[in-house]
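# here is a sequence together with a model predicted from it:
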2 protein chains.
Amino acid sequence: MRCAVVAVGTELLLGQIVDTNSSWMGEQLAANGIDSLIQYKVGDNQKRIVDVLRAALRDADAVIMCGGLGPTHDDLTREAIAEVMGVPLEMHDDLADVIRQIFESRGRRMPDNNLQQAMVPRGAEPIRQTRGTAPGLVCPVGDKVVYAVPGVPHEMHDMVERVILPDLRRRGGDTSVIVSRVIRTWGESESGLNERLDGVIAELESAGNPTLAFLASGWEGLKVRLTAKGPTADAARTLIATWQAKVEEHVGDFVFGYDTDTMESVVLDRLRHRGWSLGLAESVTGGLVSGRLTAIPGASETLRGSIVSYASDVKFEVLGVPEGPVVSERAAIAMADGARRVLGADVGLSLTGVAGPAEQDGQPVGTLWVGIALPGATTTATVFRMPGQRDQMRQMSVISALDLLRRRLS
Amino acid sequence: MRCAVVAVGTELLLGQIVDTNSSWMGEQLAANGIDSLIQYKVGDNQKRIVDVLRAALRDADAVIMCGGLGPTHDDLTREAIAEVMGVPLEMHDDLADVIRQIFESRGRRMPDNNLQQAMVPRGAEPIRQTRGTAPGLVCPVGDKVVYAVPGVPHEMHDMVERVILPDLRRRGGDTSVIVSRVIRTWGESESGLNERLDGVIAELESAGNPTLAFLASGWEGLKVRLTAKGPTADAARTLIATWQAKVEEHVGDFVFGYDTDTMESVVLDRLRHRGWSLGLAESVTGGLVSGRLTAIPGASETLRGSIVSYASDVKFEVLGVPEGPVVSERAAIAMADGARRVLGADVGLSLTGVAGPAEQDGQPVGTLWVGIALPGATTTATVFRMPGQRDQMRQMSVISALDLLRRRLS
């Protein structure tokens, strides 16, 4: 199966919105073993949409159209597909009822133009809407197929996962089940992981199943994704488990979690497991560590808070750091101890460093000291040299400090 | 001029990287009055690149190709353009020298395959590289033109701004100068701004110059961009000034800055102007306000720090908040006073609220109390009802609290 994606919307061409939908679809298609042939962005212009759809259908076996299913006169995807199919649009009363009910359940009257969303090209099958008013479409065009989904990401994700990916795989004669696993790492570069996994990658390439991909994700870490096909979900899972073990044999030391884990969820879990609370003292990261930990619902069970001691005085007066250079081992240790004491926490984590643009205390831009105070242990500090400009340095500092704490908690 | 964009790279089709380059180009083309016809993403496959380029040239007057100019065997943009032009690639010794010098200046030996980057289709003009090793290309194809630029954003931006946009406008017979101005707002929705600017937009549409566009940018605020053409830069600037005044007559109350201003840079500027330092007490935002302010180099002159009092105990013990509900006017006021006192700051700003998933202290998800303590004034607190899920609620809280402080400082 060769699949094309057409994202519809003038706002995409004008750069007012970045088209992340197509990227998400590309990732899903790859994970399902479907070839991504090409992706298009086209404006809200029926002739141009028709031209692009015809061009896409020449080379691809399937086309997914995303966007242009709204209720306004700018929403032309339905009309364009009907034109390419050479059929009229027909009102589906059952779809109209669903749309009416959605408005009623929100206590609002349905504007008449929303009925446009219940129009379906003759011969096409609607994809039931579960999250918004717009149904999707499955439209046969000769022996090929055109799908249409709304541009609202969570509506689109639902229809692609629920209907389109299974349909594509069935059409491709693929009766296998796909299982994937994301192994989340920190502490080694992409080329470094690649080198360590050289042998495994060669073995995988000759085996052909599962596949392995790297996804660099900034301060979310570097992901290694294994995707396996099997006759059953169990068979695919067994295959994944075998290869996951081989991957971890070589890079296990850098693995901090799996699938939806994040560095902050893992650190909070480890703390919760030990029944320890956490207090932070942040300087160079200015509250970003705390900001990320508190993105996790339930963080308040574990995180007491953070003293963002941006001014040196605040380090001295609030945290009890001794006067002297504040980007130093001594300051990082005193900050970690101070965070623990002032915030009444079991564990103290501190960050002090130089994000630039200028050096500080004779330390170059990129210097990061991380202090860790644990119950019943001597407080220590570790130095890192972070890459990048101010923003990157700060982001890398956040995940590096959390990773250091994670390692100390294992 | 009708322009197409072709982004080249298998990693784009696989969703491993989101294609933000094309969006950026779309924005630039629009700002320069050039019609964006269509955008493509295609993999590293010469036949497919050639097919897409031919299709793009059928309908567009100009095509910008982005990516595929690197030194590896996967980089095929040069070869594809030469195939479409029907010409051979030729080595440009002067380009090779520049590449060699770049490596030498970094103390590294140039791998031989980097010489591939000095190959130019016969009849094409190179675009001098100023930031990376890959030169760009300007390739005439009949009476049309194909440009090629590297996929590295800062290299691409440089070549598009320096060479391609002026060349496109010259080819389009456009001798005018483009000036644009971004008016940054907060506190009114896009449809609300639209309604307030109804008359101005109608006037602008009949005048045709300047153009006005809205760009919703999350917690960066909502931007109104005016783009004017004039025979000279001065003429365009005068036009912008006239219309900016008309826009501000209707929405001036929501304007917090212009162009590269951010809410945090504006707040820091106002504080600096008064010679006041700032101390924060954050609960619901967990350090995000502080994290954003410290993204600005030089924030340390003004920002003392933040007490992230996530646990209620920390509010009571560190900030001196009286026992009782912590999402309340009284708590917000005590937190702002506490931040000022504990951090030794002139101004205290506090945030306490409910990000969800569950309600707290009988307050619904979305409740935000912002406290402001200023020198010589009674400390006050203001309540907001924020929209959205946890992440959105927290982000909107950050900009709303900073905006409230900005207004109090004016």
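Happy to help now that I have it. Numbering: from 1, shown residues only, chains lettered A, B, ... in the order given.
# partner strands of the lowest-mean-pLDDT helix or strand in chain A and their direction?
Lowest by mean pLDDT, DSSP states H and E among the helices and strands of chain A is strand A:211-216, with a mean of 81. Sheet pairing of strand A:211-216 (DSSP bridges) gives strand A:222-230 (antiparallel).
# just the element for the residue lying closest to A:A334 once chain neighbours are set aside, please.
Nearest-residue entry for A:A334: A:V321, 4.2 Å, with adjacent residues in sequence omitted and distances by Cβ to Cβ, 6 or more residues apart in numbering or on different chains. In this view, the C-beta of every residue, glycine as well, is placed from N, C-alpha and C. Using DSSP states H and E, A:V321 is not contained in any helix or strand.
# so who does A:V321 touch?
Contacts for A:V321 (Cβ atoms under 8 Å, 6 or more residues apart in numbering or on different chains) come out as A:S309, A:K315, A:A331, A:A334, A:M335, A:G338.
# repeat that for A:H92.
A:A118, A:M119, A:V120, A:P126.
# for the nearest residue to A:V84 once chain neighbours are set aside, grab the count of nearby residues.
Excluding the flanking residues, the one nearest A:V84 by Cβ to Cβ, 6+ apart is A:L53, at 5.2 Å. Counted with other Cβ atoms under 10 Å in any protein chain shown, the neighbours of A:L53 add up to 24.
# coming back round to it: and the residue nearest to A:A334, how far is that from chain B?
Here A:V321 is placed at a distance of 12 Å from chain B (Cβ to the nearest Cβ, to the nearest Å).
# ditto for A:A134
Taken as Cβ to the nearest Cβ, the span from A:A134 to chain B is 20 Å.
# before we move on, what about A:G67?
Distance, A:G67 to chain B, using Cβ to the nearest Cβ: 13 Å.
# repeat for A:A236
Applying Cβ to the nearest Cβ to A:A236 and chain B gives a distance of 20 Å.
# let me see the contact set for whichever residue of the stretch 51-200 of chain A sits closest to chain B.
Residue nearest to chain B within the stretch 51-200 of chain A: A:A55 (6.1 Å; Cβ to the nearest Cβ). Each residue near A:A55 by Cβ under 8 Å, 6+ apart is listed here: B:A55.
# roughly how far is the helix or strand containing it from the heart of the chain?
Here A:A55 is covered by helix A:46-59, with elements defined by DSSP H and E. Distance of helix A:46-59 from the chain centroid (Cα atoms, centre = their mean, to the nearest Å) equals 31 Å.
# and the closest residue to A:R390 other than its chain neighbours, what pLDDT?
Excluding the flanking residues, the one nearest A:R390 by Cβ to Cβ, 6+ apart is A:A355, at 4.7 Å. For A:A355, the model assigns a pLDDT of 95.
# and A:L193, by the same measure?
At A:L193, pLDDT is 89.
# show the contacting residues for it.
A:T185, A:F214, A:L222, A:V224, A:V251, A:F254.
# now these in CSV, please, with extra columns for distance to B:E161 and neighbour count.
Shown next, in CSV, are the contacts of A:L193 (distance: Cβ to Cβ, whole Å; neighbours: other Cβ atoms under 10 Å in any protein chain shown):
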residue, distance to B:E161, neighbour count
A:T185, 37, 24
A:F214, 32, 18
A:L222, 32, 21
A:V224, 37, 24
A:V251, 41, 19
A:F254, 39, 20
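# the residue in the stretch 101-250 of chain A positioned nearest to chain B bridge partners, please.
Among all residues of the stretch 101-250 of chain A, A:L215 sits closest to chain B, at 5.5 Å; criterion: Cβ to the nearest Cβ. Taking DSSP bridges as the rule, A:L215 bridges to A:K223.
# give me the neighbour count for it.
Neighbours of A:L215 under the rule other Cβ under 10 Å: 19.
# equivalent analysis for A:R385, please.
Neighbours of A:R385 using other Cβ under 10 Å come to 12.
# which residue sits closest to it, ignoring its sequence neighbours?
A:G366 (5.3 Å).
# just read off the phi/psi values of that neighbour.
Dihedral angles of A:G366 (phi, psi; degrees, to the nearest 10) stand at phi 110, psi -10.
# was I right to think it contacts A:R390?
No - counting by Cβ atoms under 8 Å, A:G366 stays clear of A:R390, with 10.1 Å between them.
# overlap in contacts, these two.
What both A:G366 and A:R390 touch, as defined by Cβ under 8 Å, 6+ apart, is the set A:G356.
# settle it for me: which of the two has more neighbours?
Taking other Cβ under 10 Å, A:G366 and A:R390 do not tie; A:G366 has more neighbours (20 against 17).
# quick one, what contacts that one?
A:G353, A:V354, A:G356, A:R385, A:M386, A:P387, A:G388, A:M393 are the contacts of A:G366 under Cβ under 8 Å, 6+ apart.
# relative to chain B, how far out is the second one?
Distance of A:V354 to chain B, given as Cβ to the nearest Cβ: 11 Å.
# wait, what's in contact with that residue?
A:V284, A:V327, A:Q360, A:D361, A:Q363, A:P364, A:V365, A:G366, A:T367, A:L368.
# not counting its neighbours along the chain, what's nearest the fourth one?
Counting by Cβ to Cβ, 6+ apart, A:P325 is the residue found nearest to A:D361 once chain neighbours are left out, at 4.0 Å.
# can you list the residues of the stretch 201-350 of chain A near chain B?
A:213-215, A:277, A:280, A:282, A:285-291, A:293-295, A:297, A:299-300, A:303-311, A:313-314, A:317-318, A:342-344 (Cβ under 8 Å from any Cβ of the partner chain).
# buried only: go through the residues you listed for me.
The neighbour-count test (16 or more other Cβ atoms under 10 Å in any protein chain shown) marks A:213-215, A:277, A:280, A:282, A:285-291, A:293-295, A:299-300, A:303-311, A:314, A:318, A:342-343 as buried among those.
# take those and keep only those in helices.
Residues of those located in helices (DSSP state H): A:L288, A:V289, A:S290, A:G291, A:L293, A:V314, A:V342, A:L343.
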